[in-house]
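# need a structure here:
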Amino acid sequence: MTVFLILAFFGLLAALERFGTPASLAALRFRGSTDRILAEPGEVLTWSSSVENHSRFPIPFVRLQLPFPADAKPEDSPLWKKAHLRDGVQGWYAEEKLSLPPRRSITRTVRFSLSERGIYTVGKYRMAAGDLLGFREEAVEGPGKKVVVMPHRSRDPVVLKTLGGFLGDLSVRRFLLEDPILTVGFREYTGREPQKAISWTRTAIAGSLQVKQYDHTAQQTASVLLDTSDASPEQIESCFRLARSACEALEKQKIPFSFRTNGSLSGPTGKVHFIPEGLGERHLSSILYCLGTGEYTCFFSRRTLVRQALDSRKSNEAFLVITAAAESEQQVFRPLETAVGNPVCFLIGREEVPAP
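Numbering: from 1, shown residues only. Next comes the predicted model:
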């Protein structure tokens, strides 16, 4: 009888050894995501991983490995790094060893940052389940998620001054287009408005100088043209930074703008060369996403870029050209001035000192 029980026990162990691991792996489900898709350079991101046991039985051993690119910097505590951080072939990976009760899930997080502009794949996983005795391990692997790091803002004082002058001119033109018959609200007096625009009744209520805000007979708009032809990688990188600074400045001034480029930029669904006129956080984010994915190549010439811009121009549109072209090569953009009757603003991309 004793011999029979011993044989039955070892037979059960052999069955668990043979069939337990595949069954455990089949019962596991993995879910992973970052807290954001579009990030600032150096911003701390969080990857959350959830491992679920869909079986009625416990799974005693699960090994979860999450590879990260070499450019990613782990941001968790030194104690966590010592316990979970491992060196990988193309970077580093975080490793967790779990034990899951029936019908339960366990969530773990990894904090990291990416300092350089680009598109990255993070959170590819390798999930392994072991048998009851720990003698055997089978694993499955899965894809990660995309994270896009947008460009740094430009720090070039010369071009930033040029951009400020361009925005000032747009504000003046916008003011000249106001219709004093249609009052849509009030705002604080900035010192640039004529005294006749001050509403003394509203000033008495608010306790500070208030001016009438009028509707506009025609909305001032802008078109941002990003030219990457005949430029070095350093110059193109500078152009990406300038494009971000220009688009954010237009958004801050509430000036609707479109974006057009001959460079190699990608959106969530493929290559992007034109984003229609818009305004708001979603519009700006879509452009910053494309700038984050930009490559150091050019798809078509400056002349084609200008022709496309002319084909869709508006009479009240102002053009802002971001390029690394020399002054002699900038003449190709002059037809834009003739078409709309306003000077073209040039922001010239040149190599900058890397942002800290």
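
# mind listing what the spatially most central residue of the chain touches?
Nearest residue to the geometric centre of the chain (C-alpha atoms, centre = their mean): L38, 2.6 Å. Residues in contact with L38, defined by C-beta atoms under 8 Å, 6 or more residues apart in numbering, are 148, 150, 285, 288-289, 292. All C-beta atoms are positioned from the backbone trio N, CA, C, and that covers glycine.

# Can you tell me which of those residues comes closest to I236?
G292 (13.3 Å; C-beta to C-beta).

# What is the neighbour count of the closest one?
Using other C-beta atoms under 10 Å, G292 has 24 other residues around it.

# and what of G118?
G118: 18 surrounding residues under other C-beta under 10 Å.

# And for S223?
Neighbour count of S223, defined by other C-beta under 10 Å: 21.

# wait, isn't it in contact with P256?
No: checked against C-beta atoms under 8 Å, the pair S223 and P256 is beyond contact range at 9.9 Å.

# Between the two, which contacts overlap?
Shared contacts of S223 and P256 (C-beta under 8 Å, 6+ apart): E277.

# how about low-confidence regions in this protein?
1-23, 130-136, 171-185, 192-193, 213-219, 351-356 (pLDDT under 70).

# Okay, helices next: where are they in it?
2-15, 21-27, 78-84, 157-176, 200-206, 233-252, 281-293, 302-311, 334-340 (DSSP state H).

# Any chance of CSV for those, columns distance to A94?
Formatted as CSV, those follow (distance: least, C-beta to C-beta, whole Å):
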stretch, distance to A94
helix 2-15, 32
helix 21-27, 20
helix 78-84, 5
helix 157-176, 40
helix 200-206, 54
helix 233-252, 30
helix 281-293, 24
helix 302-311, 44
helix 334-340, 51
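
# Could you identify which of the ones you listed is most buried?
Highest mean neighbour count of the helices of the chain: helix 233-252, a mean of 22 (counted as mean count of other C-beta atoms under 10 Å).

# so how far is that helix from its chain's centroid?
Counting by C-alpha atoms, centre = their mean, to the nearest Å, helix 233-252 is centred 14 Å from the centre of its parent chain.

# And for stretch 273-289?
Distance, stretch centre to chain centre, for stretch 273-289: 12 Å (C-alpha atoms, centre = their mean).

# Likewise for stretch 310-327?
25 Å.

# go on, stretch 146-165?
Relative to its parent chain, stretch 146-165 has a centroid offset of 15 Å by C-alpha atoms, centre = their mean.

# could I get it in CSV with only the CA atoms?
The C-alpha coordinates for stretch 146-165 follow below in CSV (Å, rounded to 0.1, in the frame of the first residue of the first chain):
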residue,chain,number,x,y,z
LYS,A,146,5.3,53.3,-29.0
VAL,A,147,6.5,56.4,-27.1
VAL,A,148,7.3,59.6,-29.0
VAL,A,149,9.6,62.2,-27.4
MET,A,150,9.1,65.6,-28.9
PRO,A,151,11.9,68.0,-29.7
HIS,A,152,13.5,70.4,-27.2
ARG,A,153,12.4,74.0,-27.5
SER,A,154,14.8,76.2,-29.4
ARG,A,155,17.2,78.3,-27.4
ASP,A,156,18.7,80.3,-30.2
PRO,A,157,18.2,84.0,-29.2
VAL,A,158,18.4,85.4,-32.7
VAL,A,159,15.6,83.3,-34.2
LEU,A,160,13.5,83.6,-31.0
LYS,A,161,13.7,87.4,-31.4
THR,A,162,12.7,87.0,-35.1
LEU,A,163,9.8,84.9,-34.0
GLY,A,164,8.7,87.4,-31.5
GLY,A,165,8.7,90.2,-34.1
